[in-house]
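Enquirer: here is my input, please return the structure:
(one chain, ligands or ions: 1)
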Amino acid sequence: MHSTTLFGVLAAAVAANGACVPRDLHATAAEVQCPIVFDGRVSADAEPTDFDSSSSSIFNPDYVKGNDLKWSEILQFPEAGSAHFDDETHKPFEVTLSDESIFQTQQGFRRAGLQFKGDTNNGSPGSEGIKTIHFSVKIDPQRALNLSHEYLVVWHEAADYSANQFNFETGTVIGQEGLPEDTWKVLDRNYQQVWSTPIIQDEWQNFAITLDFDKNTLQVYYSEADEPLESVTDAVSNNNAGEGQYQFGLLKKPTGTDDVVNSGYQESGIDEGIIYGSVFIEDSADGCISL
Ligand SMILES: *[C@@H]1O[C@H](CO)[C@@H](O)[C@H](O)[C@H]1NC(C)=O
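Expert: Numbering: from 1, shown residues only. Down below sits the predicted model:
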C-alpha cells in the first residue's frame, strides 16, 4: 500500500499548512472487481434537485421519506473525503432526519431511506443468486444521532414488509438494551446480533454484506479508511427468503412503546444525519467480492 503511505505524507504536509486535502491527493480508490447490479455512488457533479425526479435520480425519488419533503431537502453533500470505492467522479452524501421525516402515517418513526432505482419489490436482480451490498458510513458531528434510540441504517426488507432479512443498525436495540449503543451492528432476520464494531469518529468505516439467496447465508466484511475489506464472520445461516428491497438512510425508532410504527416518544427539533459513500450492489456469483 505505498500509495497510502504517499498519501499520508502529502496529507500531513498539506494539513500542516492548514489547507484542505485536495481530492486528487486522496489515495487511489479501491477497484470494484465484480459486475455491479445497482450503483448508488453519487456523481461528483450531482445537484440536490437531481434526486427529486426519476429522470435524473439514481434512486427512487418517491420513497421512503417524510410526506412533505423532497430528497433535495433531505440530502446534504458534506466535505467528507472519498469513501473506499469512490473515486474522483463520486462524492459522499448525507441522509438527514428532521421532525418532518414522517412517512405516510407512521408517526412513531422518523425515516429517510433511499432505494436503488430498479430494485423492484418483486423480481429484483438484487434478491436472487449471491449479491453483496457495499457501503461506507461516517458520523457527522454536526448532526449527531441520539443513541438512546434504535436506528436502522442499511437493511433489506422482505416484499411483504413482514421482516428484514438483515439489519445494519446503531444505537439502542429495543429489547436488547444490554448491547452497547455506540456500535455498528449487523443483525440477522431474527434480530440476533451477528457482529458489531465500535463507531469511530472522523473516519470512514467500510462494510460489505454478502447475501446468498440460494444457500440462505450472510457474511460480513469490514475495514476502516482506505484499508481493504476483510471477512469478519463466516457465511452464517440466515433466512434470506421473501425478496423485497434494499434500503439505506435512517429509520429512527421511538422509545417507550410496543407499537414502534405508530406511537412512542420522539424528541422534537431534531437535525440528525449519517454520511454515506461507496454504496453499490455487486454480483458475487462464484465467490466474487471486491475488497
Ligand atoms: C435522546 O433520546 C432520549 C429518549 O427519547 C431523550 O430522553 C433525550 O432527551 C434525547 N436527548 C437528546 C439530546 O435529544
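
Enquirer: what's around residue 235, how many residues?
Expert: 16 (other C-beta atoms under 10 Å). (Glycine included, C-beta is placed from N, CA and C.)

Enquirer: quick check: it touching residue 209?
Expert: No: here residue 235 does not reach residue 209: they are 10.9 Å apart, not a contact under C-beta atoms under 8 Å.

Enquirer: and stretch 33-42, average pLDDT?
Expert: Averaging pLDDT along stretch 33-42 yields 98.

Enquirer: buried residues in it?
Expert: 34, 37, 38, 39, 40, 41, 42 (16 or more other C-beta atoms under 10 Å).

Enquirer: which neighbours in the sheet does whichever strand or helix holds the second one have, and how are they oriented?
Expert: When elements are defined using DSSP states H and E, residue 37 is found to belong to strand 36-39. Taking DSSP bridges as the criterion, strand 36-39 sits next to strand 272-283 (antiparallel) in its sheet.

Enquirer: in the stretch 1-150 of the chain, which spans are helices?
Expert: 2-16, 71-74 (DSSP state H, counting those that start in this stretch).

Enquirer: worst average pLDDT in the ones you listed?
Expert: helix 2-16 (a mean of 45).

Enquirer: what is the burial count for the closest residue to residue 39 other than its chain neighbours?
Expert: With sequence-adjacent residues excluded and distances taken as C-beta to C-beta, 6 or more residues apart in numbering, residue 39 is closest to residue 280, at 4.8 Å. Residue 280 has 21 neighbours, counted by other C-beta under 10 Å.

Enquirer: nearest residue to residue 163 other than its sequence neighbours?
Expert: Nearest residue to residue 163, sequence neighbours excluded (C-beta to C-beta, 6+ apart): residue 189, at 5.7 Å.

Enquirer: coming back round to it: and the residue nearest to residue 39, what does it touch?
Expert: Counting by C-beta atoms under 8 Å, 6 or more residues apart in numbering, residue 280 makes contact with 32, 36, 37, 38, 39, 40, 41, 85, 133, 134.

Enquirer: my read: the second one touches residue 284, true?
Expert: No: shown here, residue 36 and residue 284 do not form a contact pair, counting by C-beta under 8 Å, at 11.4 Å.

Enquirer: overlap in contacts of the two?
Expert: Listed as contacting both residue 36 and residue 284 by C-beta under 8 Å, 6+ apart is no residue at all.

Enquirer: quick one: residue 131 and residue 211 touch, right?
Expert: Yes: Residue 131 is within contact range of residue 211, at 5.5 Å (criterion: C-beta under 8 Å).

Enquirer: mind listing the shared neighbours of residue 235 and residue 209?
Expert: Going by C-beta under 8 Å, 6+ apart, residues that sit against residue 235 and also against residue 209 are 218, 219.

Enquirer: one step back: starting at the chain centroid, how far to the strand holding residue 37?
Expert: 15 Å (C-alpha atoms, centre = their mean, to the nearest Å).

Enquirer: and the contacts of it?
Expert: 58, 116-119, 125-126, 131, 246, 280-283.

Enquirer: can I get the CA coordinates of that strand in CSV?
Expert: Written as CSV, here are the backbone C-alpha positions of strand 36-39 (Å, rounded to 0.1, in the frame of the first residue of the first chain):
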residue,chain,number,x,y,z
ILE,A,36,-22.3,-4.0,-10.5
VAL,A,37,-26.1,-4.7,-10.2
PHE,A,38,-27.1,-1.4,-8.7
ASP,A,39,-24.8,1.6,-8.3
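
Enquirer: mind listing the strands for the stretch 51-200 of the chain?
Expert: 75-76, 90-91, 93-97, 110-114, 130-139, 150-157, 164-171, 183-187, 193-198 (DSSP state E, counting those that start in this stretch).
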